[in-house]
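[1] Need coordinates for the following:
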Amino acid sequence: MPGSYLLYQLLHYDAEQLPMVAYVIGSQSFLFDKTTKTVSTYRDNPRIEDVVNIFFFRGVKGYCIYDATLACRQPSAGLPCKGWGMIVVTPPDKNEYERWTKKMDATAIVTNCPEENDVRAMCIWMKRNRPLQEQAEYWKEVRGRMNNVGPILRSIFDKQAYDDRIKACQQAVDGMNASELKRNLGIGCCYSSNDNDLS
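    I've put the predicted structure just below:
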């Protein structure tokens, strides 16, 4: 879902500044040429990174989205391609991609979290074939987790991930000294902080 949202946003971005978008999902790759308004599909030959490199050497700018939510393998060592930006959208179980992230010295970015209504819609979709009572109970459970850790998708749908997040937060609080605790106490409340305290 996040990968397709990013694709939508990039396809609607100024075509002069960003004329090409590559989208890799599962075993398929798509190259969107916004200037000619065409899309090409690739599987193995030629590889998408080879095609993107050809465009780079021609001076064409672009961006690559690697949607790992349906991927059966890690991103290729040839990604990111020279001169193109790239984002890897990982599934909630990020273990598969940590090795690639370390090798490529990638930076983890947490995007804006979804609104409550979005999370509720996700819950309904996940339990769409279940009785209404079960759907309601699941939403109540997820909403409770969301109230404790925020709408972090990686931490609210799975009990173990939620428990791990609570534990990590508790350890962070336990490790704070008195001045850090005082400074952070007002976060999320009606509290005005000195800008110099913010990092």
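[2] bridging residues for residue 86?
    Per DSSP bridges, residues listed as beta-bridge partners of residue 86: residue 64.
[3] what about residue 59, which helix or strand?
    Secondary-structure element containing residue 59, defined by DSSP states H and E: none, the residue being outside all helices and strands.
[4] what sits against it?
    Residues in contact with residue 59 (C-beta atoms under 8 Å, 6 or more residues apart in numbering): none are found. No exception for glycine: its C-beta is placed from N, CA and C like everyone else's.
[5] can I assume residue 171 sits in a helix?
    Yes. Checked against DSSP: H, G, I helix; E, B strand; the rest coil, residue 171 lies within a helix.
[6] Tell me the predicted confidence for it.
    Residue-level confidence at residue 171 comes out at 85, pLDDT.
[7] ok, now how distant is it from residue 115?
    29 Å (C-beta to C-beta, to the nearest Å).
[8] what's the pLDDT at residue 62?
    Model confidence at residue 62, given as pLDDT, is 89.
[9] Longest helix in the protein, by number of residues?
    The helix that spans the most residues within the chain, counting by DSSP state H, is helix 132-149.
[10] and it, what other elements does it pack with?
    The helices and strands touching helix 132-149, judged by 3 or more C-beta pairs under 8 Å, 6 or more residues apart in numbering; DSSP states H and E, are helix 116-126, helix 153-156, helix 159-174.
[11] For residue 33, give the beta-bridge partners.
    Applying DSSP bridges to residue 33 gives these bridge partners: residue 20, residue 38.
[12] quick one: it and residue 19 touch, right?
    Yes. Proximity of residue 33 to residue 19 meets the contact threshold set by C-beta atoms under 8 Å, at 6.9 Å.
[13] Redo the helices and strands packed on helix 132-149 as JSON lines? Include mean neighbour count and distance to residue 89.
    Shown next, in JSON lines, are the helices and strands packed on helix 132-149 (neighbours: other C-beta atoms under 10 Å; distance: least, C-beta to C-beta, whole Å):
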{"stretch": "helix 116-126", "mean neighbour count": "14", "distance to residue 89": "15"}
{"stretch": "helix 153-156", "mean neighbour count": "21", "distance to residue 89": "11"}
{"stretch": "helix 159-174", "mean neighbour count": "12", "distance to residue 89": "17"}
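[14] Comparing those helices by mean pLDDT, which bottoms out?
    The minimum mean pLDDT among the helices and strands packed on helix 132-149 belongs to helix 153-156 (a mean of 83).
[15] May I see the domains of this structure written out as residue ranges?
    According to automatic domain parsing, the chain is divided into the following domains: 2-104, 116-197.
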